[in-house]
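> Need a 3D model of the sequence below.
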Amino acid sequence: MKQGIHPAYHEINVTMTDGNTVKMFSSVKKDLILSTDNLNHSAWTGQRTNAGDKGKRAADFKTKFAGFKF
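Numbering: from 1, shown residues only. Coordinates of the predicted model:
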């Protein structure tokens, strides 16, 4: 590695959405407070945020492209 071109890393506190604090290293010098993490993101929880539309988006797509032959 070349000397002098990499940022300095500092130990910071990262606060998760449930209040737990984790120590990490980052080039950012200030502590972070997360608004999204593995406890509330749909990629980890499996819950969809638009589950209330009950297939409306698929029906809208079919209506919009009804004249096309796929």
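> what is the mean pLDDT for stretch 15-33?
For stretch 15-33, the mean pLDDT works out to 90.
> Just the residues contacting that stretch, thanks.
Residues outside stretch 15-33 that contact it (Cβ atoms under 8 Å, 6 or more residues apart in numbering) are 7-14, 34-37, 39-40. Backbone N, C-alpha and C define where each C-beta goes, glycine included.
> What residues sit buried inside it?
By 16 or more other Cβ atoms under 10 Å, the buried positions in stretch 15-33 come out as Met16.
> now the end-to-end length of that stretch.
End-to-end distance for stretch 15-33: 5 Å, by Cα to Cα, to the nearest Å.
> From the chain's centroid, how far away is that stretch?
15 Å (Cα atoms, centre = their mean, to the nearest Å).
> cool, and stretch 57-65?
Between the centre of stretch 57-65 and the centre of its chain there are 27 Å (Cα atoms, centre = their mean).
> With only the CA atoms kept, save it in CSV.
C-alpha atoms of stretch 57-65 as CSV (Å, rounded to 0.1, in the frame of the first residue of the first chain):
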residue,chain,number,x,y,z
ARG,A,57,-49.4,-3.1,-8.3
ALA,A,58,-49.4,-6.3,-10.3
ALA,A,59,-53.0,-5.6,-11.5
ASP,A,60,-51.9,-2.1,-12.5
PHE,A,61,-49.0,-3.5,-14.5
LYS,A,62,-51.2,-6.0,-16.3
THR,A,63,-53.7,-3.3,-17.2
LYS,A,64,-51.0,-0.9,-18.4
PHE,A,65,-49.4,-3.4,-20.7
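> coming back round to it: take the contacts of stretch 15-33 and keep only those in strands.
His10, Glu11, Ile12, Asn13, Val14 (DSSP state E).
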